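Asker: I would like to see how this sequence folds:
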Amino acid sequence: MTHLREYQTQAINAAFTEWDEKQSTLIVLPTGTGKTVVAAEIINRFQPKRTLFLAHREELIFQGAKTIQKYTNLSCEIEMADLWAGASLWNGFPVVVSTIQTQIAGKQDHERMTRFDPDDFGLVVVDEAHRVTARSYRKVLAHYKKNPDLKILCLTATPDRADEEALGQMIDSVAYDYEILDAINDGFLVPIEQQMVTIEGLDFSSVRTTAGDLNGADLAAVMESEKNLQGIAAASLEIIGDRRTLVFTVGVKQAEMLCEIFNRHRPDMAGWVCGATPKPQRRDLLTQFSDGRTQVVVNCNCLSEGFDNPGVEVVIQARPTKSRSLYAQQCGRSTRPLAGVVDGLPDAEARRAAIAASAKPSALIVDFSGNAGRHKLMTTADILGGKVSDEAIERAIEKAKREGKALNMADELNKAESDIRREIEERKRRQAARKAHLVAKAKFSTRDINPFDVFQIRPAKSRGWDNGKVISEKMANVVRKMGVDPYSLPYAQARQLCIEQIRRWENKLCTVKQANCLSKHGYETKDMTFTEASKLMDALAKNNWRRPDSPGFGIGVNQFGS
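Answerer: Sure thing, here's the model as predicted:
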């Protein structure tokens with residue numbers, strides 16, 4: 001088994017912890033961070049129990065089987081179309097990889113899934129699990145759930161927020177949520193720059209909404225108009241330079257026309273593909289794209305998933321969408337660093353530096369704006385901001401529209417969030433000043449400790465799958481050790497504090513009371529050990545609770561100063 005990254009190990013361990021009490025759990029990992037590698041390690045740990053790996057597209061089936069075999073040395077059988085896996089535990093391979101469509105193929109009560117005895121399987125893995133609420137998935141999972149000991153692992157990149165509550169109805173828990181911004185900050189994905197280009201006459205206000213996204217026919221009519229096509233092509237050519245570029249379109253006509261305009265500018269610089277493109281032709285084009293002979297590939301509905309080319313530097317979003325998951329998948333085609341750039345480096349700082357010094361220091365996402373009407377169209381701020389406040393997301397989007405140039409959206413989100421927190425603190429200070437005379441008259445006062453501030457961690461944002469959930473009494477008792485009432489917090493934040501407290505115990509880090517005291521004296525306490533904290537507090541006490549200025553005393557000095 002390959003060396004696992006820290007977040008992959010955390011995700012795996014979190015899943016097994018959830019399975020102590022739950023049947024199904026969800027791991028959220030962005031495109032390019034190794035969802036299938038995580039699944040492979042979990043499958044390996046489930047041996048000798050058999051595993052069923054489910055996906056919805058042929059490309060994902062063959063990729064999944066290849067990755068599992070590579071990282072586990074376990075043999076995989078494919079159950080799809082005219083490929084048949086051994087139905088029995090005794091004549092079958094350890095892993096069956098199958099499409100959801102294959103599983104339900106056949107007459108009622110005689111679907112292909114009925115060939116398999118649920119009791120032969122210990123684990124079912126569902127890839128692209130934001131689809132799990134569909135009737136087909138429900139039917140397949142109901143069949144295998146006839147085995148009461150079965151465990152279910154669901155994997156997804158970034159689900160739609162509209163999907164989250166529905167996922168919470170289908171999946172018992174969320175084991176681990178590692179999002180695009182986390183991966184960028186940790187140096188595993190390249191930073192994302194966003195450029196918003198205003199196209200005069202681009203008007204989505206009359207486009208209907210169908211099944212939660214812009215109606216395909218209405219949107220195609222807007223995007224295929226000659227004026228809009230020319231505007232999109234002209235802006236794209238000006239922006240991309242010689243960078244390798246992937247373009248997403250609404251329909252086949254738009255893809256073909258955009259490609260033709262690109263090639264008018266420079267012969268053979270672009271090619272286009274769609275779902276109906278013959279596989280050999282598609283394979284040839286993508287090979288030319290990979291080796292640099294073709295600079296631009298325009299595609300309609302066929303490269304959002306299962307296409308991995310770290311050389312992609314620019315994504316042109318000529319297919320506006322309201323779907324967060326679709327937008328994230330498409331942007332994710334560009335966020336992988338070049339091969340070998342971050343491998344083996346010891347920490348986030350080293351990885352970020354290596355990416356910055358590489359031939360691909362960032363990915364650029366180009367969106368075209370106009371009159372959105374009542375629609376909330378996706379931007380990179382939305383997919384990066386899963387754990388960021390909605391107000392920070394809106395501020396970052398507005399700045400990108402206003403500036404009209406490439407902006408590092410992670411930086412913009414962090415800055416917006418920081419500004420908002422400063423504004424909130426300033427309002428609190430003003431309120432406190434107004435109430436000062438009341439405090440002076442009080443017989444006693446309480447001192448509340450905010451562990452989020454003390455440990456400098458951003459409070460988790462409530463997600464749809466958390467609706468109606470309450471932490472267990474066991475988790476609540478852990479949070480109480482911090483001096484916090486767990487039931488005064490949203491589920492996501494209470495769970496976050498429980499996980500943080502356990503991390504602190506396991507790593508012998510300082511207590512919340514130690515951290516609260518030392519942070520007031522300007523010390524960085526997030527990863528300070530209990531022993532270091534004790535020594536510092538003893539020294540402070542001996543110095544009449546004033547911070548000594550002697551050289552060498554400043555262990556863990558707060559980066560923001562004292």
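
Asker: assign a three-state SS to M196, would you?
Answerer: Three-state secondary structure (criterion: DSSP: H, G, I helix; E, B strand; the rest coil) places M196 in strand.

Asker: from N309, how far out is the closest residue to S334 other than its chain neighbours?
Answerer: Counting by Cβ to Cβ, 6 or more residues apart in numbering, A363 is the residue found nearest to S334 once chain neighbours are left out, at 3.9 Å. All C-beta spots, glycine's among them, are computed from the backbone N, C-alpha and C. In this view, A363 and N309 are 12 Å apart by Cβ to Cβ, to the nearest Å.

Asker: hmm, back to that, partners of the residue nearest to S334 in the sheet?
Answerer: With beta bridges defined as DSSP bridges, A363 has these partners: I192.

Asker: I figured it was touching I184, is that so?
Answerer: No: counting by Cβ atoms under 8 Å, A363 sits too far from I184 to count as a contact (9.8 Å).

Asker: what sits closest to S534 if chain neighbours are left out?
Answerer: Distance criterion Cβ to Cβ, 6+ apart; nearest residue to S534, sequence neighbours excluded, is Q514 at 7.3 Å.

Asker: lowest mean pLDDT among the helices and strands, pick that one out for this structure.
Answerer: Sorting the helices and strands of the chain by mean pLDDT, DSSP states H and E puts helix 436-441 at the bottom, at a mean of 45.

Asker: right, and the residue nearest to S534 touches A533 too?
Answerer: Yes: checked against Cβ under 8 Å, the pair Q514 and A533 is within contact range at 4.0 Å.

Asker: so what sits against both of the two?
Answerer: When contacts are counted by Cβ atoms under 8 Å, 6 or more residues apart in numbering, Q514 and A533 are jointly contacted by T525.

Asker: which of A363 and N309 has more residues huddled nearby?
Answerer: For A363 versus N309, the count of surrounding residues by other Cβ atoms under 10 Å is larger for A363: 25 against 15.

Asker: who's in contact with the more buried one?
Answerer: Applying Cβ under 8 Å, 6+ apart, we find A363 in contact with 190-193, 312-315, 331, 334-335.

Asker: from L303, how far off is it?
Answerer: For A363, the distance to L303 equals 15 Å [Cβ to Cβ].

Asker: and if you look at L509?
Answerer: Separation of L509 from L303 (Cβ to Cβ): 45 Å.

Asker: just C274 next, same as before
Answerer: Distance, C274 to L303, using Cβ to Cβ: 10 Å.

Asker: who has more neighbours, those two?
Answerer: Taking other Cβ under 10 Å, C274 and L303 do not tie; L303 has more neighbours (24 against 18).

Asker: what residues are up against that one?
Answerer: By Cβ under 8 Å, 6+ apart, the neighbours of L303 are 246, 248, 273, 297, 333.

Asker: TSV for those, including pLDDT, secondary structure and neighbour count?
Answerer: Formatted as TSV, those follow (pLDDT from 0 to 100; DSSP: H, G, I helix; E, B strand; the rest coil; neighbours: other Cβ atoms under 10 Å):
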residue	pLDDT	secondary structure	neighbour count
L246	97	strand	24
F248	96	strand	26
V273	95	strand	23
V297	97	strand	25
R333	93	helix	22
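
Asker: nearest to S462 among these?
Answerer: R333 (29.7 Å; Cβ to Cβ).
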